Structure formats: structure tokens, C-alpha cells
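Student: Task: produce atomic coordinates for the following.
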Amino acid sequence: MKEIYRYVDEHQKEYLELLRKFLKQPSISTSGVGMSEMVLLLKNTLKDMSFSVEEIKTDGYPIIYGVLSGKGKRTLSFYNHYDVQPVDPIDEWEVGPFSGTIKNGMIISRGSADNKGQLLSRLCAIDAYQKVYGNLPINIKVIYEGEEEIGSPHLADFRQLYPDKLATDGIVWEGGERETNGPAHITLGVKGLLYVELRVRTANIDAHSCNAPIWPNAVWRMVWVLNTLKNEKDEVLIEGFYDSVKPLSNKDKYHLKNIPYDEEEILSKMGMKGFINNVTGEQLVEKYLYTPTCNICGIKGGYVEKGSKTVLPAYAIAKLDFRLVPEMKGEQIIKLLRKHLDKHGFSDVEIITIASQPTYRTNYDNPLVNAAIAASKEVYRFPPVVYPTDPGTMGAYHFCNDTGIPCVMYGVSNMFSQIHAPNENIYVEDYILGIKMSASVIDKFARHY
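Tutor: Below you'll find the predicted structure:
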């Protein structure tokens with residue numbers, strides 16, 4: 001691997017410029033801005049690296065599928081996505097959101113962490129391995145989705161329609177992060193997600209606020225709805241919500257003790273006085289990784305622009321996301337939520353399901369996990385931090401849950417990459433190390449770790 005690492009170091013400028021090329025190309029799936037151009041750039045880049053490339057049509061944006069044959073028997077797949085989040089609020093960006101700016105050792109741009117930096121670090125690893133040794137020691141498949149940021153509505157279709165394309169010995173999923181100047185994270189699972197919109201209407205149209213003494217206000221009604229869902233102790237009050245939550249296994253508890261969380265730095269950088277319920281230490285990490293949530297993402301209704309408008313809102317919406325732990329099912333939570341609202345006198349409140357993703361966990365002991373751990377020790381010179389589950393959500397379930405395919409996540413972002421926020425970023429050093437990491441995983445997985 002030393003020859004490959006040396007090659008990566010000698011060609012890091014080239015690999016940085018390739019990443020900047022991708023970052024300068026917008027690809028916002030929510031609005032469609034730049035998506036067709038991004039597809040073309042991705043396909044051409046894969047072809048330049050000798051991949052056999054196929055554009056798989058969906059009812060939305062296509063999935064780009066590539067195959068590169070190696071000399072080994074095993075196949076390793078990489079899943080990433082080429083779409084990014086919108087850039088709002090634009091005035092909070094220090095640089096142009098699609099400028100690919102490198103500043104103070106950081107690459108600042110939308111998509112740098114989520115997910116183009118992750119995608120390119122793996123492609124560059126494949127390129128470096130080829131340039132040094134010619135043939136790869138393993139067969140490679142890449143599956144690049146264009147709809148991850150809008151809930152992956154066609155990922156399950158891909159699995160059902162193309163089982164031969166999915167067939168693999170292991171999948172490296174989307175991305176992950178590294179401790180500042182320290183070890184990498186290797187993650188084996190994700191929380192599930194249920195995203196819903198609550199809607200309530202109290203009249204046909206908004207009215208003058210002089211009617212407030214006798215006419216109902218939709219925003220107040222929504223506030224009362226939301227107030228029934230969770231108490232000030234952060235306990236979700238939907239009856240039966242926690243019934244499926246299982247106690248931690250012994251291995252979960254073991255890894256929990258080794259998971260760092262820099263409380264002081266996070267509180268300082270985020271400008272917070274403390275965490276919910278003032279939890280700290282191991283209890284804080286356990287709550288972070290293993291507790292289901294009910295989160296208000298936003299509320300809309302009435303008038304909130306500059307100046308005043310004395311209005312009585314007739315309509316209000318609230319967007320909620322629920323992060324689910326293993327054994328919790330989104331469809332069951334919807335039923336419990338409906339029952340809860342009806343019980344509290346809110347049968348008029350409509351529930352619209354926006355997105356739903358199940359939970360997923362990979363077993364601790366398998367060759368891909370072993371290869372990733374060994375590669376991480378070699379590249380970062382620290383034993384990795386193994387996360388049994390991630391607090392976020394990704395679509396790994398669709399590919400892995402019923403197929404037995406092992407899945408790991410690692411990547412090039414950091415705790416303060418500001419994913420989905422202005423000034424999204426990764427460190428140049430982490431991007432280069434991420435290239436070496438994927439090259440090492442390819443090598444070690446081929447050697448049957």
C-alpha cells in the first residue's frame with residue numbers, strides 16, 4: 001500500500017481539482033437545478049476510469065451504475081449520491097456555495113461532505129490503485145443515486161428490478177466522519193426515519209384578527225397539537241411509542257464506552273448552554289445513538305414577514321421527523337400518531353407521510369468490517385471508533401436488510417462539516433486520507449480479511 005499512498009500524495013492536486021469540478025456543478029434534486037449536467041459529468045468521469053457505465057432511468061432522476069472488473073473473485077460495491085441539498089439561506093455563506101473554494105485547509109462548498117467528497121474519495125482510490133498496479137484485486141460496482149436528498153423514492157425499485165446489479169460481497173455506504181486529527185469512524189447501521197406533515201384548516205381563508213375572540217386560529221390549534229406530542233423532559237407522549245425499543249446488547253454497551261463526544265467543544269461551537277436534560281458522558285452518547293426522537297422541523301402559518309399584518313390564520317402546517325431505532329416501524333408510528341391525535345380531540349388534523357426509511361444494522365463480525373477496521377488503523381494510525389448505529393438515516397436497508405450483504409460506512413467529513421447548512425465543508429487532509437482509506441479497504445477486502 002505504500003506505493004499507492006505515495007501516488008495519492010503526489011497526485012493530490014489532481015484529485016482536489018476533480019473534486020472541485022464536481023462541487024462547481026450544482027445538482028439540487030429538490031429543484032432539479034443542474035441535475036442533467038451532473039449526470040453527464042459523472043458518467044464521463046466513470047468512463048475515463050474504464051468503468052462500464054449504465055444510466056438507469058427512474059420516474060425521477062437516474063441511477064448511475066458502473067462496473068469495473070478486477071482479477072479477484074470478490075465484489076465490493078460503493079453507494080453514493082450525486083444530488084445535494086438546497087443552499088438556503090444564501091446570505092449565510094462565506095463563499096459561493098458552488099465555488100469549490102479551498103480556504104485555510106478546508107474545502108467549503110455545498111456537497112463537499114454530503115456527498116461528493118465521499119464519492120470522489122472512493123473513485124480516486126480506484127484510480128490510484130489502477131495507476132500503480134494496473135488491475136484491481138477485486139471487482140468493483142458503483143451505484144450512484146440522484147434522489148437521496150428527497151428520500152430515495154426509487155432505491156427500493158432498483159433492488160427489486162435489478163437483483164443482479166445489486167449482487168455483491170459487501171457495500172461501502174455513502175459516508176462518515178473522522179475525529180479532529182484523530183481516528184476515523186466506522187459505522188455499521190443507521191436509525192430509521194419517518195417524516196410527516198401535519199395540516200390543519202379552521203376556515204376557508206385568513207381573516208382580520210379582530211375576529212380572534214370568536215373565530216378559531218389554525219396556528220394556535222397546531223401549537224396545541226404539537227404540545228401533546230412531547231413533554232419538557234423530552235419524553236414522547238404518543239402512547240405505545242417506546243414499546244418496540246429493545247435494551248442494548250453486550251456488544252453495544254462495549255462499543256458505547258469507546259465512543260467519544262467532545263461535549264465542551266460542541267457546546268461552545270454551537271453556542272448552547274447544555275444538552276437536553278443536562279445529560280453528559282456515556283448517558284449522553286447512549287441517548288444520542290439509541291433513543292428514538294420526535295422533532296419539529298418547521299411550522300408555517302399566518303404572517304411572518306417584515307412589519308405587521310393583523311391576520312387570523314386559517315391554515316397551518318408543521319413538519320416532523322421521527323428517528324427510529326431497531327424494531328420500530330414507520331407504518332406503526334403513523335397508526336399510533338393518528339390514534340393519539342384522535343384521542344386528544346384533533347381528528348381534523350391531517351397526517352401526510354413525506355418519507356419513510358427503515359432502520360438497518362450490520363453484524364459486528366464479517367470480512368468487510370474487519371477490512372475496514374484494519375485499513376483505518378493503517379491509514380489514520382489510530383484504532384477506529386466503531387459506531388453500531390448512526391444517529392442519522394440512510395437507505396442501506398433497501399440493499400442489505402433481506403439480502404445478507406454486509407455494509408459499512410466511513411468517510412471524509414467531520415463533526416462540524418455543517419452538512420445541510422451554509423458553509424458545508426471538509427478538510428483537505430481528510431479528503432486525501434479518505435482516498436487512502438478506500439484504497440486500503442479494497443486491498444484488504446480482496447485478501448479475505
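Student: What ranges does the stretch 151-300 of the chain have for its strands?
Tutor: 171-173, 185-187, 189-190, 192-201, 207-208, 295-301 (DSSP state E, counting those that start in this stretch).
Student: helices or strands next to the helix-or-strand element of the chain with minimal mean pLDDT in the packing?
Tutor: Within the chain, no helix or strand scores below helix 396-400, which has a mean of 84 by mean pLDDT, DSSP states H and E. Under the contact definition 3 or more C-beta pairs under 8 Å, 6 or more residues apart in numbering; DSSP states H and E, helix 396-400 sits against helix 155-161, strand 171-173, strand 189-190, strand 360-361, strand 407-409. Backbone N, C-alpha and C define where each C-beta goes, glycine included.
Student: out of the ones you listed, nearest to residue 16?
Tutor: strand 171-173 (21.4 Å; C-beta to C-beta).
Student: buried ones in the closest one?
Tutor: For strand 171-173, the neighbour count (16 or more other C-beta atoms under 10 Å) marks 171-173 as buried.
Student: what mean pLDDT does that strand have?
Tutor: Taken as a whole, strand 171-173 carries a mean pLDDT of 96.
Student: ditto for stretch 75-92
Tutor: On average, stretch 75-92 scores 97.
Student: What of stretch 408-418?
Tutor: On average, stretch 408-418 scores 95.
Student: What of stretch 241-251?
Tutor: Mean predicted lDDT for stretch 241-251 stands at 93.
Student: Compute the first-to-last residue distance for that stretch.
Tutor: 25 Å (C-alpha to C-alpha, to the nearest Å).
Student: buried residues in that stretch?
Tutor: For stretch 241-251, using 16+ other C-beta under 10 Å, the buried residues are residue 241.
Student: Off-centre distance for it?
Tutor: Relative to its chain's centre, stretch 241-251 lies at 23 Å (C-alpha atoms, centre = their mean, to the nearest Å).
Student: same deal with stretch 20-28?
Tutor: Offset of stretch 20-28 from its chain centre (C-alpha atoms, centre = their mean): 18 Å.
Student: Check stretch 317-333 too.
Tutor: For stretch 317-333, the distance to the chain centre is 16 Å (C-alpha atoms, centre = their mean).
Student: Using PDB, write out the CA atom coordinates for that stretch.
Tutor: These are the backbone C-alpha positions of stretch 317-333, laid out as PDB (Å, rounded to 0.1, in the frame of the first residue of the first chain):
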ATOM      1  CA  ILE A 317     -48.700  23.100   8.700                       C
ATOM      2  CA  ALA A 318     -46.000  21.500  10.800                       C
ATOM      3  CA  LYS A 319     -43.300  19.200   9.500                       C
ATOM      4  CA  LEU A 320     -42.000  16.500  11.900                       C
ATOM      5  CA  ASP A 321     -39.300  13.800  11.700                       C
ATOM      6  CA  PHE A 322     -39.100  10.700  13.800                       C
ATOM      7  CA  ARG A 323     -35.800   8.900  14.100                       C
ATOM      8  CA  LEU A 324     -36.400   5.300  14.800                       C
ATOM      9  CA  VAL A 325     -34.300   2.600  16.400                       C
ATOM     10  CA  PRO A 326     -34.200  -1.100  15.500                       C
ATOM     11  CA  GLU A 327     -37.600  -2.900  15.700                       C
ATOM     12  CA  MET A 328     -39.600   0.400  15.300                       C
ATOM     13  CA  LYS A 329     -41.600   0.600  12.100                       C
ATOM     14  CA  GLY A 330     -42.700   3.800  10.400                       C
ATOM     15  CA  GLU A 331     -46.100   2.500   9.500                       C
ATOM     16  CA  GLN A 332     -46.800   1.600  13.100                       C
ATOM     17  CA  ILE A 333     -45.800   5.000  14.300                       C
END
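Student: Tell me which residues of that stretch come out buried.
Tutor: 317-326, 328, 330, 332-333.
Student: Out of these, which two sit at the greatest distance?
Tutor: 317 and 326 (30.4 Å).
Student: isn't residue 209 right next to residue 313, touching?
Tutor: No: using C-beta atoms under 8 Å, residue 209 is not in contact with residue 313; the gap is 9.3 Å.
Student: For those two, work out which one has more neighbours and name it.
Tutor: Neighbours were counted for residue 209 and for residue 313 using other C-beta atoms under 10 Å; residue 313 has more, 23 against 16.
Student: tell me the helices in the stretch 1-150 of the chain, going along the chain?
Tutor: In the stretch 1-150 of the chain, helices defined by DSSP state H, counting those that start in this stretch lie at 2-10, 12-23, 35-48, 116-133, listed in chain order.
Student: ok now the shortest one, how far from the chain's centre?
Tutor: Translated: helix 2-10. On C-alpha atoms, centre = their mean, the centre of helix 2-10 falls 30 Å from the chain's centre.
Student: same for it, what does it pack against?
Tutor: Partner elements for helix 2-10 (3+ C-beta pairs under 8 Å, 6+ apart): helix 116-133, helix 428-446.
Student: how about those, which one is nearest residue 251?
Tutor: The nearest among the helices and strands packed on helix 2-10, by C-beta to C-beta, is helix 428-446 at 21.9 Å.
Student: still on that earlier bit, let me know which of the helices of the stretch 1-150 of the chain is tucked in deepest.
Tutor: helix 116-133 (a mean of 24; mean count of other C-beta atoms under 10 Å).
Student: Any idea which of the strands of the stretch 151-300 of the chain has the lowest pLDDT on average?
Tutor: Averaging pLDDT over each of the strands of the stretch 151-300 of the chain puts strand 189-190 lowest, since it has a mean of 90.
Student: What are the contacting residues of stretch 97-109?
Tutor: 16, 19-21, 23-26, 87, 90, 94-95, 110, 117, 422-429, 431 (C-beta atoms under 8 Å, 6 or more residues apart in numbering).
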